[in-house]
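Asks: need coordinates for the below:
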Amino acid sequence: MKKVILYVEDEPSDALFMRRAWEKLGSPCVLKEARDGQEAIDYVEGSGPFSDRAANPPPDYVLLDLKLPRKTGHEVLEWLRAHPQHKGMPVIVYTSSREQPDLARTRALGIDDYIVKPVSFAALVDAAKTIAARWGIPVGS
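Replies: Here you go, the predicted model:
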């Protein structure tokens, strides 16, 4: 079965570029998207519009922005770590924030990795390669 990455990102252009980066890597992973923090929680729970687990399989990894509407990335991370069935799910914070308080808070909440969003597409592809290598996510040759 293919690995599933839930990418939580409210900016459509960032989501588009991330999809293109994973396609460029030739990853057989399924990249699912949530546009805000509450949608991410609903997806992980398999509730509401995500109740069809054949169409919305549980994620193996969460790639999480911090600045999100409805629920922030910090709130999503708190929720994940508070639920035993999701506590061990790898969460990679992928954000434009270089602020020390954001990094400190996410570490305290139990993130697995913290990557600052690059500004060019080539650097984004490199960031996706780094994520794949660190977490054993398959990519093409």
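Asks: how many neighbouring residues does the residue lying closest to residue 17 once chain neighbours are set aside have?
Replies: In space, and not counting its chain neighbours, residue 17 is closest to residue 124: 5.7 Å by Cβ to Cβ, 6 or more residues apart in numbering. Backbone N, C-alpha and C define where each C-beta goes, glycine included. Applying other Cβ atoms under 10 Å, we find 20 residues neighbouring residue 124.
Asks: Three-state assignment for residue 124, please.
Replies: helix (DSSP: H, G, I helix; E, B strand; the rest coil).
Asks: and it, what does it touch?
Replies: 17-18, 21, 117-118 (Cβ atoms under 8 Å, 6 or more residues apart in numbering).
Asks: try 6 Å this time
Replies: 17, 21, 118 (Cβ atoms under 6 Å, 6 or more residues apart in numbering).
Asks: all helices of this structure, in order?
Replies: 12-25, 37-45, 73-82, 100-109, 121-135 (DSSP state H).
Asks: the residue most central in space within the chain pairs with what?
Replies: The geometric centre of the chain, computed from its C-alpha atoms, lies nearest to residue 63 (Cα atoms, centre = their mean), at 1.3 Å. For residue 63, the beta-bridge partners are residue 7, residue 92 (DSSP bridges).
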